[in-house]
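Enquirer: structure, please.
(one chain, ligands or ions: 1)
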Amino acid sequence: MTYSHILLAIGDGIARLTLNRPERLNSFNDAMHAEVRDALALLAIDESVRVLVLTGAGRGFCAGQDLSDRAVAPGDAPLDLGASIERNYKPLVLALRALPLPVLCAVNGVAAGAGANLALACDIVVASRSASFIQAFARIGLMPDSGGTYFLPRLVGEARAMALAMLGDKLGADEAAACGLIHRAIDDAAFASEVDALARRLASAPTRALGAAKAALHASLHNTLAAQLDVERDLQRELGRSDDYREGVAAFMAKRAPLFRGR
Ligand code: T3D
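Expert: Numbers count the residues shown, from 1 in each chain. Have a look, this model is predicted:
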């Protein structure tokens, strides 16, 4: 598939996926959804890829659904938005969560509506200091989707989640970091280089161990302690058989830096 609405670059273990409709603040239309779906399916089977960096082109990260595709007005026939979520947003969020490698979201500008929740579906979220997060849904008569009602209360607690969802206020990157919505805000001038450094660090980490930590943390959200201890046992058993575990211990004993290969 050739891409018109995203950019995908793969090298040195790093896949960079850039939403690329800057004139619409990288909002999603069906074609961009199809391209992102295709790219994520490729990355899921490309063993050379050890980290995915998701970002946006231009001054925004993603403004959610492209509303010019909807262009509904009072009196028009109702749209089935559930169909759009089933076809596009649900598979997108589930594909990101299922990737067995770290997904670093580099929020370079405003993230609104499903664009904000797309970021929250990623594993580590950093934002440039001038970026912002807006649960814009209520402004157009909708409720948070794309996992917003799942991620928000877990990340920031119910009280703040409710206010963000109902008021739709803009949350700056610093405040988002302070309340635990994202990992870190970074000065705009240093953003690109710090994202690169983080991506390189994740790409040289023991990928299977990171993938297992991701799967276990996700499972913990609905498990009992006993069930979670079983999950940890099973995943640790698999990791104990990995090359990277043997390399990690050997490097520790030899007092040298480990060279992990993601196997
Ligand atoms: O429908 C379904 O399938 C159900 C699923 C829904 C999921 C959702 O995401 S619903 C929520 C949709 N998103 C929004 O409601 C956000 C709409 N955008 C905004 O509120 C503002 O653009 C921002 C707060 C994000 C940024 O504001 P600002 O002032 O920095 O930029 P701007 O001037 O509003 O936008 C710049 C351009 O991008 C502008 O185009 P123009 O006038 O220069 O030709 C604007 O129309 C366009 N744009 C921004 N967001 C969207 C968009 N065009 C289409 N759809 C957008 N979502």
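Enquirer: what is the burial count for the nearest residue to Ile10 once chain neighbours are set aside?
Expert: Distances taken as Cβ to Cβ, 6 or more residues apart in numbering put Val49 closest to Ile10, at 6.2 Å, once the chain neighbours are dropped. No exception for glycine: its C-beta is placed from N, CA and C like everyone else's. Val49 has 20 neighbours, counted by other Cβ atoms under 10 Å.
Enquirer: quick one: contacts for the residue of the stretch 101-250 of the chain found nearest the ligand?
Expert: Closest to the ligand within the stretch 101-250 of the chain is Gly113: 2.7 Å, counting by Cβ to the nearest ligand atom. Residues near Gly113 by Cβ atoms under 8 Å, 6 or more residues apart in numbering: 63-65, 134-137.
Enquirer: contact partners for Ala203?
Expert: 12-14, 50-51.
Enquirer: same check, this time on Leu17
Expert: 6-8, 36, 39-40, 43, 52-55.
Enquirer: which among those residues end up buried?
Expert: Buried members of those, counted by 16 or more other Cβ atoms under 10 Å: 6, 8, 36, 39-40, 43, 52-55.
Enquirer: among those, which ones are in strands?
Expert: Using DSSP state E, the members of these that fall in strands are 6, 8, 52-55.
Enquirer: if we can go back for a sec, how about the residue of the stretch 101-250 of the chain closest to the ligand, nearest residue that isn't a chain neighbour?
Expert: Spatial nearest neighbour of Gly113, excluding adjacent residues (Cβ to Cβ, 6+ apart): Gly64 at 2.5 Å.
Enquirer: contact partners of stretch 55-72?
Expert: Contacts for stretch 55-72 (Cβ under 8 Å, 6+ apart): 7, 16-30, 79, 84, 105-116, 118-119, 131, 136, 140, 146, 195.
Enquirer: pLDDT averaged over that stretch - what is it?
Expert: Averaged over stretch 55-72, pLDDT sits at 96.
Enquirer: which is the next helix or strand following the host helix or strand of Glu175?
Expert: Here Glu175, judged by DSSP states H and E, is contained in helix 173-178. Counting by DSSP H and E, the element after helix 173-178 in chain order, helix or strand, is strand 184-186.
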